[in-house]
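Asks: sequence and predicted model, in that order:
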Amino acid sequence: MSVTHNLFFLSIFNFNVAKKFRDDEVLRYLELNHTYDDAMEFFEISRMTISRIKKRNKVKHMPEKIKVAIVGVGNAASALIQGIEYYKSRSNNVGLLHPTFAGYHISDIEIVSAIDISIKKVEKDLSEAISENDLELIAKVPRLNVKVQMGNILDGVIDQTRKLIAPAKIDSVNIVNELKMSGAEIVLCLLPSGADKAVKFYAEQSLQAECAFINTTPSPIAVDKNFARKFHDAGLPLIGDDLQDQFGATIVHKQILRQMIDQGVEIKESYALDVGGGAESLNTIHRSRGIKREIKSKSVKSSLNLKAPIVAGTSDYVPHMKNSRNSMLWIVGNGFLGSEIVLDLKIQTKDGPNGGAILADVIRATKIALHQGSSGAIDEISSYGFKNPPKGTISIETAQKNLANFVLGIKNQ
Ligand SMILES: NC(=O)c1ccc[n+]([C@@H]2O[C@H](COP(=O)([O-])OP(=O)(O)OC[C@H]3O[C@@H](n4cnc5c(N)ncnc54)[C@H](O)[C@@H]3O)[C@@H](O)[C@H]2O)c1
């Protein structure tokens, strides 16, 4: 954890705890990758007191593995699986938001089950199945001994993606059984965007198997009050919807607009449009363009209180771009004397890896939610990692602070 983050967490503690503290506060502080020396200085206690607190609370040595089932072994799944291997050596943290988060390293994530429907992936070892995606293999992934199981196709395939996905003509396994037998505690839903029926189906299966559910797709699950209530009643966390990229058009668009507004520039109009390859771009264009555009535009606009016309979405599918994405940002504003300021910017990214760092944080935070016994739609995690969280978008700074407080077990005001 970086010095800035340490200072950030310290400032939260200084503000909330002062000189009084409870056992669980000391334990969470240690979980957040602080040393004994940090804790001694911060709480003004001795090493012996810390040891006593750990003994008193029968602290098992963290971290234990975080057992995840993946539904949809596509490009985003490939990036996450490669990331778990890539960062294992711990000597290279480039590209991670938090090398250690809430006491967990990214390599503490263990994929225990994988479900897909493509003939190119089903019944293969997960390490082989990921090579069937557009995203090239950057990390060496050893045999994982997780066989990709056949899922329930439902609306996972449309005419335009049938050739690319090539669905297998075999029966689905019993998903609840598969999840239970694998020991999964979290289901990570990485289905194609627009596959609403399939996403709902797997959310229900996740409930029955008593797993937390993370919905990276734009299908409305975490924002659905009915689903939130079901997960709440089952004592399980529900996180979503529509994963936020680490550094994509949405975040850049928001930050630049904010800076321009802070500098006194009046925004007149703006758009951010993407072109990309892969099945995900095809799905977006043919069935989720409307909802994606609504979510992205709302996400940019809502935290800035903007009245100017803003459009954010996907404009086309370019097959040879594969897992790459080009985002075009256009902003027009007025500065001093009404003089026109025009910003015309292009960002080139790789889709799968762009979701990896946030996924790693969100999975680790979900494990903490399970530890804490939090249930229902968890807004503190959703508004940090997703474009359409249940309570709406907030500023990045507030989302980061709320997540840090959540992990520390401090109630947000
Ligand atoms: N940076 C990112 O990667 C990012 C960012 C935001 C949102 N997301 C969301 O993550 C999701 C996954 O993105 P991706 O790029 O990996 O997509 P992808 O098209 O590469 O992968 C989807 C996978 O789902 C499988 N599938 C289809 N129907 C299925 C079913 N019924 N059951 C099981 N498997 C099924 C497909 O065979 C494929 O392997 C999308 O909904 C996308 O909107 C990703």
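Replies: Ah, there it is. Numbers count the residues shown, from 1 in each chain.
Asks: would you mind finding the longest helix in this structure?
Replies: Longest helix in the chain, counting residues (DSSP state H): helix 351-372.
Asks: buried residues in it?
Replies: Under the neighbour-count criterion of 16 or more other CB atoms under 10 Å, helix 351-372 has 351-371 buried. Every residue, glycine included, has its C-beta placed from N, CA and C.
Asks: stretch 82-93: which residues count as buried?
Replies: Going by 16+ other CB under 10 Å, stretch 82-93 has these buried residues: 82-87.
Asks: about what we covered before: show me how far the longest helix of the chain is from its chain's centre.
Replies: Relative to its chain's centre, helix 351-372 lies at 5 Å (CA atoms, centre = their mean, to the nearest Å).
Asks: how about the residues of the stretch 101-250 of the chain by the ligand?
Replies: 115-118, 133, 151-154, 156, 165, 190-193, 195, 198, 216-218, 242-243, 245 (CB under 6 Å from any ligand atom).
Asks: just the buried subset of these, written out for PyMOL, thanks.
Replies: To isolate the buried ones among these in PyMOL, judged by 16+ other CB under 10 Å, type:
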select buried, resi 115+116+117+118+133+151+152+153+154+156+165+190+191+192+193+195+198+216+217+218+242+243+245
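Asks: show me the residues of the stretch 101-250 of the chain next to the ligand that map onto strands.
Replies: Among these, the members falling in strands (DSSP state E) are 115-116.
Asks: hey, C-alpha coordinates of the longest helix of the chain in PDB?
Replies: Output in PDB follows, covering the C-alpha atoms of helix 351-372 (Å, rounded to 0.1, in the frame of the first residue of the first chain):
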ATOM      1  CA  ASP A 351     -10.800  -3.600 -22.800                       C
ATOM      2  CA  GLY A 352     -10.000  -6.700 -20.700                       C
ATOM      3  CA  PRO A 353      -7.000  -5.400 -18.800                       C
ATOM      4  CA  ASN A 354      -8.800  -2.100 -18.200                       C
ATOM      5  CA  GLY A 355     -11.300  -3.900 -16.000                       C
ATOM      6  CA  GLY A 356      -8.800  -6.100 -14.200                       C
ATOM      7  CA  ALA A 357      -7.500  -3.700 -11.400                       C
ATOM      8  CA  ILE A 358     -11.000  -2.700 -10.400                       C
ATOM      9  CA  LEU A 359     -12.200  -6.300 -10.500                       C
ATOM     10  CA  ALA A 360      -9.300  -7.200  -8.200                       C
ATOM     11  CA  ASP A 361     -10.400  -4.500  -5.700                       C
ATOM     12  CA  VAL A 362     -14.100  -5.200  -5.900                       C
ATOM     13  CA  ILE A 363     -13.600  -9.000  -5.300                       C
ATOM     14  CA  ARG A 364     -11.400  -8.300  -2.300                       C
ATOM     15  CA  ALA A 365     -13.900  -5.700  -0.900                       C
ATOM     16  CA  THR A 366     -16.700  -8.300  -1.400                       C
ATOM     17  CA  LYS A 367     -14.700 -10.800   0.700                       C
ATOM     18  CA  ILE A 368     -14.600  -8.200   3.500                       C
ATOM     19  CA  ALA A 369     -18.400  -7.700   3.100                       C
ATOM     20  CA  LEU A 370     -18.800 -11.500   3.600                       C
ATOM     21  CA  HIS A 371     -16.500 -11.300   6.700                       C
ATOM     22  CA  GLN A 372     -18.500  -8.500   8.100                       C
END
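Asks: tell me which other helices or strands the next helix or strand after that helix touches.
Replies: Per DSSP states H and E, the first helix or strand lying C-terminal to helix 351-372 is strand 376-377. If you count contacts as 3 or more CB pairs under 8 Å, 6 or more residues apart in numbering; DSSP states H and E, strand 376-377 packs onto helix 225-233, strand 237-239.
Asks: circling back to that earlier point, in helices only, show me the buried residues of stretch 82-93.
Replies: 82-86.
Asks: keep these, but drop any that are not near the ligand.
Replies: Counting by CB under 6 Å from any ligand atom, no member of those reaches the ligand.
Asks: residue contacts, whichever residue of the stretch 251-400 of the chain sits closest to the ligand?
Replies: At 3.0 Å from the ligand, G355 is the closest residue in the stretch 251-400 of the chain, using CB to the nearest ligand atom. By CB atoms under 8 Å, 6 or more residues apart in numbering, the contact list for G355 reads 76, 79-80, 216, 243, 245-246.
Asks: ok, back up a step: just the helices and strands packed on strand 376-377: most buried one?
Replies: Sort the helices and strands packed on strand 376-377 by mean neighbour count, taking mean count of other CB atoms under 10 Å, and strand 237-239 sits at the top with a mean of 31.
Asks: show residues contacting that one.
Replies: So strand 237-239 is contacted by 203, 212-215, 221-222, 227-228, 231, 362, 366, 369-370, 374-378, 381-382, 385-386 (CB under 8 Å, 6+ apart).
Asks: the same query, at a cut-off of 7 Å, please.
Replies: Strand 237-239 is contacted from outside by 212-215, 221-222, 227-228, 231, 362, 366, 369-370, 374-378, 381-382, using CB atoms under 7 Å, 6 or more residues apart in numbering.
Asks: go on, stretch 49-58?
Replies: 23, 26-27, 36, 39-40.
Asks: buried ones in that stretch?
Replies: By neighbour count on 16+ other CB under 10 Å, the buried set for stretch 49-58 is 50, 53-54.
Asks: mind listing which of these are in helices?
Replies: Counting by DSSP H, the part of the buried residues of stretch 49-58 found in helices is 50, 53-54.
Asks: from the contacts of stretch 49-58, which is closest to the ligand?
Replies: L27 (33.6 Å).
Asks: tally of neighbours for the closest one?
Replies: 20 (other CB atoms under 10 Å).
Asks: give the full set of residues in contact with the residue of the stretch 1-150 of the chain found nearest the ligand.
Replies: Distances between the stretch 1-150 of the chain and the ligand by CB to the nearest ligand atom are smallest at G74, namely 1.7 Å. Shown in contact with G74 (CB under 7 Å, 6+ apart): 133, 190.
Asks: can you do 8 Å?
Replies: 116, 133, 190, 192, 279-280, 352.
Asks: poorly predicted segments of this structure, please.
Replies: Scanning the chain for pLDDT under 70 picks out 1-20, 32-33, 58-63, 412-413.
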